[in-house]
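Participant: here are the coordinates; sequence isn't available:
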DNA sequence: CAGTGGTCTAGACCACCGC
DNA sequence: CGGTGGTCTAGACCACTGA
């Protein structure tokens, strides 16, 4: 009796605690998009049988997914793939295309610059790698309904992500490509307000010195820097929103 | 044999699941500051005996505290109160005094305005309560080493927090007082960049139209708005920083 | 009503690491 | 070595809620 519908892997990967293995077995098809939002996740009883684990173990795996927002649970009706998958941590600055489309606007981006930096190029400074490390420098504009929403200045550490050198980034934006192709373990955001210098105000289509919201993001894989990006937004066209709950007493 | 050192409550409060009751019994003295950072939390075995619960139950309570950053755990050496208590969610915009002092600067604040709003006053609009609800309007400046770091415009819903009407906010800043005296269940931040209008640029001690980082925060208790605050920061004197980890695969 | 998740127990073995 | 937390099991009862 072959299975017609996508299923979680029948075997675990043997790496680490069982509950984390089960977690991965469920998370993978969700993050890959193999399981549509709203579709049913096997019940705890099913998973106990499939993986031969105790219910507490299965429960911990699924609870962990629920607390990260990948699934939603309700008694009786069961567990479903989250309808609105989690914003990447906190603010929607990870995938601007999704954000624009979520608001019902048309998204488009444009590559303005793509340079393999020579050693000593000062533009490579912020990423924090030894001089001589191969770096790719990119500049893009992102549009919402034809209006510039974001100017992106990006450095990619080709030592951490050699495949990026082969990408022309004509069709897929650097941020989206990195999100899907390069592993990272840590990221840091810094948010500031700056008046736009001339080099920025022109492509961003704002007045010189207009207030801009600037997001800098550094991303690491272990201790190795992966990418550094500086995102400029016209202050009057963008806001970062986040919702929080208190640390429970 | 009386106990000389602070202890968790001997009895649970009977409210909700046992693991949450144990969690609260441990979290309370930590958040109150009764247990110094770095001091030892009773072992799981101790807590099993004290509360007559199974070890899995105790473990879940402490694991939950660890994941919120209130305690740190290590095998053999045990569980200790976190040395660096968690930043209030994500960014250090909850308690600017602590943030300033963490950087080794001297903190001071100054109350500029304190008005009980009349019904119909347009300044009360943003908090989103029915007209006629008593509202307190406050304006403060916060200094770091004598330099203005933040201008705070705040609304407090006195229906949600009647005690605030008795506070003169001369010595304790409104934000800090609310943090310690009013319960909240949800908060929302919106971060934007704006050029400073004249009414802001003067007290903030920046040039007119200078780029400012503006944080708006709305806080609710259940469905009732508690406070609304608009925080203006000179763009060149403030940055919001946050660190993140990926949603695990 | 019956299926589902939420919680809880009383054990067990193991890994880590300070003494 | 022994105390600690990390994990796991095989049961159990309960609360919620959709059919």
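Facilitator: Thanks, I have the structure now. Keep in mind that what you see is a predicted model, and the values were worked out from it rather than measured.

Participant: how much space between residue A:113 and residue A:155?
Facilitator: 12 Å (CB to CB, to the nearest Å). C-beta coordinates here come from the backbone N, C-alpha and C atoms, glycine included.

Participant: Common neighbours of these two, please.
Facilitator: Each of A:137, A:138 lies in contact with both residue A:113 and residue A:155 under the rule CB atoms under 8 Å, 6 or more residues apart in numbering or on different chains.

Participant: Look up how far residue A:127 lies from residue A:217.
Facilitator: Counting by CB to CB, the gap from residue A:217 to residue A:127 is 11 Å.

Participant: okay, and the common contacts of those two?
Facilitator: A:227, A:228.

Participant: Do any residues in stretch A:223-232 lie close to chain B?
Facilitator: No - Stretch A:223-232 does not reach chain B (CB under 8 Å from any CB of the partner chain); its nearest approach is 9.7 Å.

Participant: Tell me which residues are up against that stretch.
Facilitator: Residues from elsewhere that reach stretch A:223-232, judged by CB under 8 Å, 6+ apart: A:93, A:126-129, A:150-157, A:159-161, A:174-175, A:178, A:182, A:184, A:196, A:200, A:204, A:212-220.

Participant: coming back round to it: residue A:113 and residue A:155: who's more crowded?
Facilitator: Set side by side, residue A:113 and residue A:155 show more neighbours around residue A:155, with 25 against 11, by other CB atoms under 10 Å in any protein chain shown.

Participant: tell me which element that one falls in.
Facilitator: Assessed by DSSP states H and E, residue A:155 sits inside strand A:147-157.

Participant: After that strand, which helix or strand is next?
Facilitator: Immediately after strand A:147-157, counting by DSSP H and E, sits helix A:174-181.

Participant: and the angle for that following helix with strand A:147-157?
Facilitator: 50 degrees (axes from the mean of the first three to the mean of the last three CA atoms, to 10 degrees).

Participant: Tell me which residues are up against helix A:174-181.
Facilitator: Taking CB under 8 Å, 6+ apart as the rule, helix A:174-181 contacts A:88, A:94-97, A:138, A:140, A:152, A:154, A:156, A:161, A:163-164, A:167, A:169, A:219, A:226-227, A:229.

Participant: Tell me the buried residues in it?
Facilitator: A:174, A:175, A:176, A:177, A:178, A:179 (16 or more other CB atoms under 10 Å in any protein chain shown).

Participant: Whatever helix or strand comes next after that helix: partners in the sheet, and parallel or antiparallel?
Facilitator: Per DSSP H and E, the first helix or strand lying C-terminal to helix A:174-181 is strand A:186-195. Its sheet considered, strand A:186-195 pairs with strand A:211-221 (antiparallel), strand B:240-244 (antiparallel) by DSSP bridges.

Participant: by contact count, what packs against the helix or strand following strand A:186-195?
Facilitator: Note on strand A:186-195: by DSSP H and E, the next helix or strand toward the C-terminus is helix A:198-204. The contact analysis (3 or more CB pairs under 8 Å, 6 or more residues apart in numbering or on different chains; DSSP states H and E) places helix A:198-204 against strand A:135-144, strand A:147-157, strand A:224-234.

Participant: Buried residues in helix A:198-204, which are they?
Facilitator: Within helix A:198-204, the residues scored as buried using 16+ other CB under 10 Å are A:200, A:201, A:203, A:204.

Participant: ok now that helix, how far from the chain's centre?
Facilitator: The chain centroid and the centroid of helix A:198-204 are separated by 26 Å, computed with CA atoms, centre = their mean, to the nearest Å.

Participant: With stretch A:127-147 instead?
Facilitator: Relative to where its chain is centred, stretch A:127-147 has its mean C-alpha point 16 Å off (CA atoms, centre = their mean).

Participant: Kindly check the end-to-end length of that stretch for me.
Facilitator: Using CA to CA, to the nearest Å, one end of stretch A:127-147 lies 29 Å from the other.

Participant: in that stretch, what's buried?
Facilitator: By 16+ other CB under 10 Å, the buried positions in stretch A:127-147 come out as A:127, A:129, A:133-144.

Participant: Among these, show me the least confident.
Facilitator: Lowest pLDDT of the buried residues of stretch A:127-147: residue A:129, 82.

Participant: before we move on, what SS does it have?
Facilitator: At residue A:129 the chain is in coil, as set by DSSP: H, G, I helix; E, B strand; the rest coil.

Participant: Quick one: mean pLDDT over the strand holding residue A:155.
Facilitator: The pLDDT scores in strand A:147-157 average 93.

Participant: Check the offset of that strand from the chain's centre.
Facilitator: For strand A:147-157, the distance to the chain centre is 15 Å (CA atoms, centre = their mean).

Participant: Report whether it contacts chain B.
Facilitator: No - using CB under 8 Å from any CB, strand A:147-157 stays clear of chain B, coming no nearer than 12.8 Å.

Participant: Which neighbouring elements make contact with that strand?
Facilitator: For strand A:147-157, the packing partners by 3+ CB pairs under 8 Å, 6+ apart are helix A:96-102, strand A:135-144, helix A:174-181, helix A:198-204, strand A:224-234.

Participant: and if we set it to 7 Å?
Facilitator: helix A:96-102, strand A:135-144, helix A:198-204, strand A:224-234 (3 or more CB pairs under 7 Å, 6 or more residues apart in numbering or on different chains; DSSP states H and E).

Participant: want to try TSV for the ones you listed, with distance to DNA strand D as columns?
Facilitator: TSV is the format used below for the helices and strands packed on strand A:147-157 (distance: least, CB to the nearest atom of the strand, whole Å):
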stretch	distance to DNA strand D
helix A:96-102	26
strand A:135-144	37
helix A:198-204	46
strand A:224-234	26
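
Participant: Would you single out the least confident of these?
Facilitator: Minimum mean pLDDT among the helices and strands packed on strand A:147-157: helix A:96-102, a mean of 76.

Participant: What lies in contact with that helix?
Facilitator: A:92, A:107, A:142, A:144, A:149, A:150, A:173, A:176 (CB atoms under 7 Å, 6 or more residues apart in numbering or on different chains).

Participant: Tell me the one among the residues you listed nearest to residue A:70.
Facilitator: Comparing the contacts of helix A:96-102 against residue A:70 with CB to CB places residue A:92 closest, at 16.9 Å.

Participant: Quick check, pLDDT for the closest one.
Facilitator: 49.

Participant: ok, now residue A:60?
Facilitator: Note on residue A:60: pLDDT of 96.

Participant: tell me which element it falls in.
Facilitator: Counting by DSSP H and E, residue A:60 is found in helix A:55-67.

Participant: Pull the residues that contact that helix.
Facilitator: A:18-19, A:22-23, A:26-27, A:44, A:47-48, A:71-73, A:79.

Participant: in it, what counts as buried?
Facilitator: Under the neighbour-count criterion of 16+ other CB under 10 Å, helix A:55-67 has A:57, A:58, A:59, A:60, A:61, A:62, A:63, A:64, A:65 buried.

Participant: ok, now stretch A:188-195?
Facilitator: Residues of stretch A:188-195 classed as buried by neighbour count (16+ other CB under 10 Å): A:189, A:191, A:192, A:193, A:194, A:195.
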